[in-house]
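# below: sequence and its predicted model.
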Amino acid sequence: MSKVHEAITLASVCHFGQNRKAPINGHYLPYLIHPFEVLKVIWGWGVADETMSCATILHDAIEDCSFNKVDAANMVYNGMGKAVYDIVIQLTKPDKVDKFSYLETFADPTKTSTESLVIKLADRMCNYNDFLAHDEEYAVKYMRKADILDVALRQRADEITNKWSFNVMQAVVLTWRSHQLDCDSLEFELSKSQAATA
């Protein structure tokens with residue numbers, strides 16, 4: 001069995017019985033769908049190496065696992081090794097840290113790797129897309145809470161080029177900007193409709 005398939009098996013254990021928070025047309029998708037969606041995004045950007053693929057599949061395995069986080073962390077470390085574990089840990093918000101402070105770490109290359117930044121961007125976009133199907137207002141708020149990731153991407157774009165290629169960096173930037181523009185447009189439309197009903 002390949003390492004990626006081992007990561008899928010481990011993710012299915014960590015997310016056993018879990019569903020996504022936002023329903024789509026009244027249906028709650030199994031949680032495991034989300035890591036695959038994020039994986040599809042990074043593969044589309046041209047990032048498909050084994051370590052990135054495994055870390056992407058397991059990016060929520062500790063933070064959003066269905067059991068004890070320490071046990072989940074040990075499973076990731078023992079099952080996948082240090083390289084994957086380190087990325088997953090950087091993608092895991094510590095319990096006593098507020099969301100903004102956690103997101104700020106992605107602007108600092110001494111605190112988070114290029115790999116974790118790229119996965120976090122893909123993760124945020126996939127979550128935004130899910131929320132759009134359920135609650136457009138919340139989707140906008142959710143994306144706005146992550147404006148620091150826009151700063152992080154601008155500051156660290158060269159790292160992405162150096163790690164992979166200019167084409168990968170360009171794909172990441174264009175996809176992120178597209179989501180930002182979509183969010184801007186939606187925010188404008190929602191404010192117009194709120195003003196019209198006031």
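Great, that's in hand. Just so it is clear, the structure is predicted and the values come from calculations on it, not from any experiment.
# now the helix or strand containing residue 103: average pLDDT?
In this structure, residue 103 sits in helix 99-104 according to DSSP states H and E. The pLDDT scores in helix 99-104 average 95.
# name the helices or strands packed onto whichever helix or strand comes after it?
Downstream of helix 99-104, the next assigned helix or strand under DSSP H and E is helix 114-132. Applying 3 or more C-beta pairs under 8 Å, 6 or more residues apart in numbering; DSSP states H and E, we find helix 114-132 packed against helix 33-44, helix 50-57, helix 82-90, helix 136-144, helix 147-163, helix 166-197. Just so you know, the C-beta spots here come from the backbone N, C-alpha and C atoms, and that holds for glycine as well.
# include mean neighbour count and distance to residue 67 when you put these into a markdown table, please.
A markdown table is the format used below for the helices and strands packed on helix 114-132 (neighbours: other C-beta atoms under 10 Å; distance: least, C-beta to C-beta, whole Å):
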| stretch | mean neighbour count | distance to residue 67 |
| --- | --- | --- |
| helix 33-44 | 19 | 17 |
| helix 50-57 | 24 | 18 |
| helix 82-90 | 20 | 16 |
| helix 136-144 | 17 | 26 |
| helix 147-163 | 17 | 29 |
| helix 166-197 | 14 | 32 |
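# how about these in JSON lines, adding mean pLDDT?
Below are the helices and strands packed on helix 114-132 laid out as JSON lines (pLDDT from 0 to 100):
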{"stretch": "helix 33-44", "mean pLDDT": "97"}
{"stretch": "helix 50-57", "mean pLDDT": "98"}
{"stretch": "helix 82-90", "mean pLDDT": "98"}
{"stretch": "helix 136-144", "mean pLDDT": "94"}
{"stretch": "helix 147-163", "mean pLDDT": "96"}
{"stretch": "helix 166-197", "mean pLDDT": "92"}
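# mind checking how far the residue nearest the centre of the chain is from residue 179?
By C-alpha atoms, centre = their mean, the chain has its centre lying nearest to residue 123, at 1.8 Å. Per C-beta to C-beta, to the nearest Å, residue 123 is found 12 Å from residue 179.
# report pLDDT for residue 1.
The model's pLDDT for residue 1 equals 65.
# check residue 107 too.
Turning to residue 107, the model gives it a pLDDT of 97.
# any idea how far residue 161 is from it?
For residue 107, the distance to residue 161 - C-beta to C-beta - is 17 Å.
# likewise for residue 136?
From residue 136 over to residue 161 the distance is 34 Å, taken as C-beta to C-beta.
# against which helices or strands is the helix holding residue 103 packed?
helix 147-163.
# which other helices and strands contact the helix it packs on?
By 3+ C-beta pairs under 8 Å, 6+ apart, helix 147-163 packs against helix 99-104, helix 114-132, helix 166-197.
# where does that helix sit relative to the chain's centre, distance-wise?
Relative to the chain's own centre, helix 147-163 is displaced by 15 Å; criterion: C-alpha atoms, centre = their mean, to the nearest Å.
# and it with helix 50-57, angle?
160 degrees (axes from the mean of the first three to the mean of the last three C-alpha atoms, to 10 degrees).
# what does helix 147-163 rub up against?
100, 103-104, 106-107, 109, 114-115, 117-118, 120-121, 124, 168-169, 172-173, 176, 180 (C-beta atoms under 8 Å, 6 or more residues apart in numbering).
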